[in-house]
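**Student:** Task: produce atomic coordinates for the following.
(one chain, ligands or ions: 1)
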Amino acid sequence: MRVRSEAGGRVVLDELEIGEIAVELDLEEPEEVIAWGLETFDERVAVVTGMQAEGMVVLDMAARIRPDVRAVTVDTGRLPPATIAFVDEVRARYPRVRLEVLRPDPAEVEAMVRRQGPDLFRASVPSRLLCCHVRKVRPLVRALRGLDAWFTGLRREQWASRAAIKKVELDHDHGGIVKVNALADWTKEEVWDYLRERNVPVHPLYRLGYTSIGCDPCTRPVAPGEDDRAGRWWWERGAPKECGIHCPIETGGFEHEAEAILREAHGGSGGRP
Ligand code: SF4
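**Tutor:** Residues are numbered from 1 along each chain as shown. Presented below is the predicted three-dimensional model:
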């Protein structure tokens, strides 16, 4: 497979190149896709995970190939205690994985809370998107700036906004780096079969009926027959079950308020992510 290297060790692919590679990898097993990502991007790729089932599959596969693979997660400051404890369990299981826990900018959180209160996400969809933007998306965007590629646990069948993802694609929302969705064509059953067969650590909240796990106040277990992501921001109607890192939510209506918060947090400079 062809790749183009730029000076400074960065690996940059264009649309034509990534299109050809996507076709070649589309029928490959996830391990092959991840191996390609590790070989191609080396130190400039990381597993980005919220410690959910899919992310743990990707992390396990990557760590089997490269035990000291880089990994990134975000502590939004509103995570369930079980998630914090689970991060420690994952570290113990994969001691060589270089797991970095990102946190939001305290000044930005403070400005947001001062303007809208700590539980602004209940007020409206734009306020919820604003909270996700400050607490989760911006820390991740900062991390992605230092990468040429990232591994995700996205699957096509998870949500309508994910139905067309490819196993490898350019991420135009994050500087054109490569997004590696190795599990794109996997089913939920395949994910759980893998976790069981490999005895991979599983977030304890799954045992309590959760099917998608995010921040404590914004996640609940689902009832039988409900969509797997129905427990995320369950009080909202018609809004995407996304935080904004995997799909741009430009019509969220929170941008103006976000700019004001960043000005307040950074003394008028606005502040880059
Ligand atoms: S999931 Fe809820 S608490 Fe967490 S960042 Fe988004 S809105 Fe805020």
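**Student:** Okay, now the unreliable bits of this protein?
**Tutor:** By pLDDT under 70, the low-scoring segments of the chain are 1-8, 161, 247-252, 268-273.
**Student:** Please enumerate the strands of it.
**Tutor:** Secondary structure of the chain (DSSP state E): strands at 4-5, 11-12, 45-48, 70-74, 98-102, 149-151, 168-171, 177-180.
**Student:** what would these look like in CSV with distance to Leu208?
**Tutor:** C-betas here are computed from N, CA, C, even on glycine. Below are those laid out as CSV (distance: least, C-beta to C-beta, whole Å):
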stretch, distance to Leu208
strand 4-5, 47
strand 11-12, 41
strand 45-48, 25
strand 70-74, 20
strand 98-102, 23
strand 149-151, 27
strand 168-171, 33
strand 177-180, 31
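**Student:** any chance of those strands in a markdown table, with distance to Ser127 and mean neighbour count too?
**Tutor:** Listed next are the strands of the chain as a markdown table, based on distance: least, C-beta to C-beta, whole Å; neighbours: other C-beta atoms under 10 Å:
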| stretch | distance to Ser127 | mean neighbour count |
| --- | --- | --- |
| strand 4-5 | 42 | 10 |
| strand 11-12 | 37 | 16 |
| strand 45-48 | 25 | 25 |
| strand 70-74 | 19 | 23 |
| strand 98-102 | 22 | 15 |
| strand 149-151 | 28 | 26 |
| strand 168-171 | 26 | 20 |
| strand 177-180 | 28 | 26 |
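**Student:** Could you say which one of the ones you listed comes nearest to the ligand?
**Tutor:** strand 70-74 (8.8 Å; C-beta to the nearest ligand atom).
**Student:** Walk me through which strands the closest one pairs with, and which way each runs.
**Tutor:** According to DSSP bridges, strand 70-74 forms sheet pairs with strand 45-48 (parallel), strand 98-102 (parallel).
**Student:** Around the ligand, pick out the residues from this structure.
**Tutor:** 76, 78, 121, 128, 131-132, 135-136, 214-215, 217-218, 243 (C-beta under 6 Å from any ligand atom).
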